[in-house]
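> kindly return the folded structure for what I paste below:
(2 chains)
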Amino acid sequence: MNNFHYERVTDVDTAVAAATGAGNSYLGGGTNLIDLWKYDLAHPEKLVDLNGIDELKEVTELPDGGLRLGALVTNNKTAYHPTVQERYPLLSRTILAGATPQIRNAATNGGNLLQRTRCYYFYDAASPCNKRVPGSGCPAREGHNRLHAILGHSEACIATMPSDMCVALAALEATVRVRGPQGERHIPFADFHRLPGEKPELDNTLGEDELILSIDLPARGFADHHTYLKLRDRHSYAFAVVSVALGYELDGEGKITTARIALGGVAHKPWRVPAAEELLVGQAPSEDQFARAADALLEGASGFKHNTFKIDLAHRAIIRAGAMAHDPSCQRPGAKPSL
Amino acid sequence: MSQSTLPQPKPEIGRPRRRIVGEQKVTGTATYAAEYAPENLLHGYVVNAKITKGRITGIEERAAREVEGVVEIMHHLRRPKMGYFDMQYSDIDAPPGSPFRVFYDANVQFNEQPIALVLADTFEAARYAASLIEVSYEEDPFDVDLHKNLDKARKPKEGIDSILKPMPPDDYGDFDRAFGEAAATYEGEVYHRSQHHNPLEMHATTTVYEGKGKVTVYDKTQGTTNSQMYVSSALGLKMSDVRVIAPFVGGGFGSGLRPQYQVLLSVMAALYLKRNVRVQLDREQMYTFGHRPETLQRVRFGASADGKLTAVSHEAYAETSRFEDYHETVVNHAGVLYPVENVHLDYQLVPLDRFTPLDMRAPGGLTGVLAVETAMDQLADRLQMDPLEFRLKNYAERDQSTGKPFSSKELRACYSQAAERFGWDQRKPTGQHPRRGNRLVGHGMASGIWDAIMLPAKATARLTTEGKLLIQCALNDCGQGAYTVMSQIAADELGLPFEDVTFEYADSKLDASPVQGGSFTTGVVGSAVKAACFALKDKIFHLAQILDGFPLGDALLPDVTFTGGEIVLHADPSVRIPFTEIIAFNKGKALEVSKTNIPNPIKLKRYTRNSHAASFVEVEVDAQLGVVYLTRAVTAVAAGRIMNTQTARSQILGGMVWGISMALREETLLDHNMGKFMNTNLAEYHVPVHADIGELDVIFVEEKDDIVNELGVKGLGEIGTISMAPAIANAIFNATGKVVTQFPFKLGDL
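All right, here's what the predicted structure looks like:
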């Protein structure tokens, strides 16, 4: 770990000003940054510690009926927040499916959006990696790629975004509120993370020195019909091999009026296909309908040596998630999903 | 008055007792190797090679030296003198070959080989400086792929390790004919990747430089004597100048059986700089040395129509390094477990450009029995027999592979007691259990077997001036409870309350002890402790006989009882001689006896000596998603006398968890193009978490054994592990009809 400058700030404008410049980094919970630093993968020259900014530590109601989650609220505080549990149980459940209580107590909402991929080769300073050292190559293509993408990958990069929380935020159509030297802007969640293309070094569309202020949830929370189904290599403390965040609303006749499906563990960003969701509208939830949506969602999927099974697994997981979302016993706040 | 009226304290042996060091361990007051903090301590951080094979052509250390606090950088060009002969780098657990010599020369033999050590005032400075060192290499082509090199497989070289790990017996009967004539046959493969030990405590050594080339070494090891011998021999020091201390070990599982490179580096640096030096590995570096070898097995089993096993072929191909022939007893057990008359066994090694594998919990036994016991279920299925019935039909009353009797064998009782507790009568044939929601249900069972090994060991027993007992032995304990059990043995032998026994351990200046491994510690060191205590008892009695006034008359040792710190005469229990009176008679001096217990090899060799177990498990498998849930398991163990029912149960529970991990969780992913392991951290190397473990139940079956050792103990370190993994695989088959051939069984494998 290199020597570095450290500055603790108490307001957003000072933070943005302090962080402006190459080699500077914001510090929230540090659960990913410090690891990367110790692994010799990150080398901040200046650390701007945000933990003194109280205004980013709040959960507040929005005038449109939505909810604002401060960027510095911890993952656990968010998951157990009564309003989140009541109105956005999908988000609560999704957060609790990730990491460990210890990590979630330290990890912040803003940081969760910025966590780096768990690709083995990215994490090994001695390996080539286009995401870490652009142009150096991608050994994952011919190496171990179980955790890797089946959708939206590029010649340069087949990494996946590891967050659980972000999969739910994608399904909920959250907005990311950020401030930078040029002022404040709102980024729709679907546009926040990006596909690797030829620039896999960029995980997201956050501008240089921009700071995440909050994650804003719209009013619609799918509290009645939702689920987060996470399939992984051990029953806790493991990243998703495939995950599905799914929610829908029904009309008086039991037909779907709005549906959202986002997949985790399969791409460089939470994977959503609005056209697949449209297929469900006007239909009564059924295995066949979710299978059709799954077909559309997974169109064009292609795997590698160790992860081709994820295409079929994701298809099955979407159908199961559809059934789980219908099951009232899964909908109680804090209820353990059957998987 | 008869002897029965004497107050008989409840025997210590066989009762539950917490580990005497348990409280220190769970409250954080136990001091581990990396926690000793002598004055002016230097911190060492290791630089590991980033190529798999070749030579170091340059080490650019300028930037690293500029980091504040950096004191020295050591490597093959800057180090103290080291031994020249292979023998100097050997250790108690070394397989045949040329042991790896850290910093010996410019050659790189495996990826992540330690090649430099940065020494600084703080760990952080050393680690940062290490990241700034630039090493240039000349690379050679390498090969780390087991499957692609099966044509290069060959028989292992034999060495002294073959005493503990015998080569498979020669073929007997006529396998080809019997297999050809069998009414039912099964042919299959079992494969698993390498696995790493991952003890909670990472390897570390703190060396205190005592001056004049003398060192005190706080090491993470499973054998203080072994580390002492290794360090002194490799660096040409006198044994008496190297003292190794290791009272607490935060898990070993075999990773500390051989001294690892951090101990030599720490001592080397201490001698070179004449300073106190700590070298601590980080979690990633825990994947840079020994591991359970990747192994491919092929089994061909045949049985007659009435369910008699008639033919067994068991072949295994395991990785080893280019420089040592590490081998395990993978294929030795089928012929011991089952009385089959036509057997073909083959065990071969494939040398690759990797580090030498290392014993990891139930080495070989876990690997081999997994293939044997899953094949048995496949054959039972083809015969339409219940798997338990099939095993009982083929129950070995003698060891068919050698013709010898068993010293004791209560496997039948393991089967029946575990089956009853589990409810095996509820088992249905494959695919016929009623579903629970989306989940298929499966029941599976398997047998386990491990060797009861006996070795010599030495211990000292001293009656202190306070009339209490002190036991000494260099033995150290990774957490199983050996210190507690040794104290229990001693307490019973001298008739003292447990609280009056002190055990001094884990220091190489004490009587030499074998490494703690192979499930043999209680039998081996316990027998030495018992022998030393008996000799002390004898010495005490001889003094008692000549006390003023001859209170014992002409009584002999069998005519008295040692109890409550007194010698009591059977003929007249009012005659009681406190140990303190003996000490006073001895002019206030303590009494001490050292005793080496040497097993009788001729007696032992007449018998096959094994512990046995049977596991019964239930799994649920999600029919569409392929997720496996272990819901419950029962393991019954027959391992001779159980010394401490609490620590014994914990040992077996830990073993069962290990078996679950083998079946469903852990593996190290090796990149064949780069020659390196990729998932070298606890986030991506999946050891089980609580959510992975169902309800576990342990049964100890009564087993009396007068042959194995004086205590009748067979050991528990490995046996709890072995039967679990195949039982889980068999349960998955029972639920789904899918034969598990690759371990661990993961999402997507259904």
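> what's near enough to touch the spatially most central residue of chain A?
Geometric centre of chain A, nearest residue: A:Cys166, 2.0 Å, by C-alpha atoms, centre = their mean. Neighbouring residues of A:Cys166 by C-beta atoms under 8 Å, 6 or more residues apart in numbering or on different chains: A:Asn112, A:Leu113, A:Phe189, A:His193, A:Gly264, A:Lys269, A:Pro270. To be clear about C-beta, it is placed using only N, CA and C from the backbone, and glycine gets the same treatment.
> which one of those residues has the most neighbours?
A:Gly264 (34 neighbours; other C-beta atoms under 10 Å in any protein chain shown).
> select the longest helix from the chain.
Because you didn't say which chain, this covers chain A. Taking DSSP state H as the criterion, chain A has its longest helix at helix A:309-326.
> the intended chain is chain B.
If you go by DSSP H, chain B has its longest helix at helix B:521-545.
> report the beta-bridge partners for B:Gln594.
Wrong residue type there; residue B:594 is Ser, not Gln. On the basis of DSSP bridges, B:Ser594 is bridged to B:Thr460.
> number of nearby residues for B:Asp176?
Neighbour count of B:Asp176, defined by other C-beta under 10 Å: 13.
> tell me the secondary structure for it?
State at B:Asp176, reduced to three classes by DSSP: H, G, I helix; E, B strand; the rest coil: helix.
> for the closest residue to it other than its chain neighbours, give me its contacts.
Of all residues not flanking B:Asp176 in the chain, B:His344 sits nearest, at 7.9 Å (C-beta to C-beta, 6 or more residues apart in numbering or on different chains). B:His344 is in contact with B:Asp171, B:Phe175, B:Asp176, B:Val312, B:Ser313, B:His314, B:Glu315, counting by C-beta under 8 Å, 6+ apart.
> and the closest residue to chain A within the stretch 101-250 of chain B, how many neighbours?
Relative to chain A, the nearest point of the stretch 101-250 of chain B is B:Ser131 (4.5 Å; C-beta to the nearest C-beta). By other C-beta under 10 Å, 19 other residues sit near B:Ser131.
> surely it is in contact with A:Asp40?
Yes - counting by C-beta atoms under 8 Å, A:Asp40 is a contact partner of B:Ser131 at 4.5 Å.
> quick one, phi psi at the residue of the stretch 101-250 of chain B closest to chain A?
For B:Ser131, the backbone dihedrals (degrees, to the nearest 10) come out as phi -70, psi -10.
> please report how far it lies from B:Gln400.
Computed as C-beta to C-beta, to the nearest Å, the B:Ser131 to B:Gln400 distance reads 58 Å.
> and for B:Gly335?
On the measure of C-beta to C-beta, B:Gly335 and B:Gln400 end up 6 Å apart.
> who has more neighbours, the two?
B:Gly335 (25 against 20).
> next, give phi and psi for the more buried one.
phi -70, psi -20.
> apart from its neighbours in sequence, what residue is nearest B:Arg632?
With sequence-adjacent residues excluded and distances taken as C-beta to C-beta, 6+ apart, B:Arg632 is closest to B:Glu695, at 4.2 Å.
> no wait, B:Val46
The spatial neighbour of B:Val46 that comes closest, neighbours along the chain excluded (C-beta to C-beta, 6+ apart), is B:Pro114 at 4.8 Å.
> next, count neighbours for that neighbour.
Other residues lying near B:Pro114 total 23 when counted by other C-beta under 10 Å.
> report the beta-bridge partner residues of it.
B:Pro114 has these beta-bridge partners by DSSP bridges: B:Asn48.
> can you show me the CA trace of the helix or strand of chain A with the lowest mean pLDDT as CSV?
Least confident helix or strand, chain A: helix A:33-38 with a mean of 93, by mean pLDDT, DSSP states H and E. Taking Å, rounded to 0.1, in the frame of the first residue of the first chain, the C-alpha atoms of helix A:33-38 are listed here in CSV:
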residue,chain,number,x,y,z
LEU,A,33,-11.2,-0.2,-2.4
ILE,A,34,-9.0,-1.3,0.5
ASP,A,35,-9.0,-4.9,-0.8
LEU,A,36,-7.9,-3.7,-4.2
TRP,A,37,-5.3,-1.5,-2.7
LYS,A,38,-3.8,-4.3,-0.7
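> so how far is it from its chain's centroid?
Centroid separation between helix A:33-38 and its chain, computed with C-alpha atoms, centre = their mean, to the nearest Å, is 20 Å.
> hmm, A:Ala71 is touching A:Leu114, no?
No - A:Ala71 is beyond contact range of A:Leu114, at 10.1 Å (criterion: C-beta under 8 Å).
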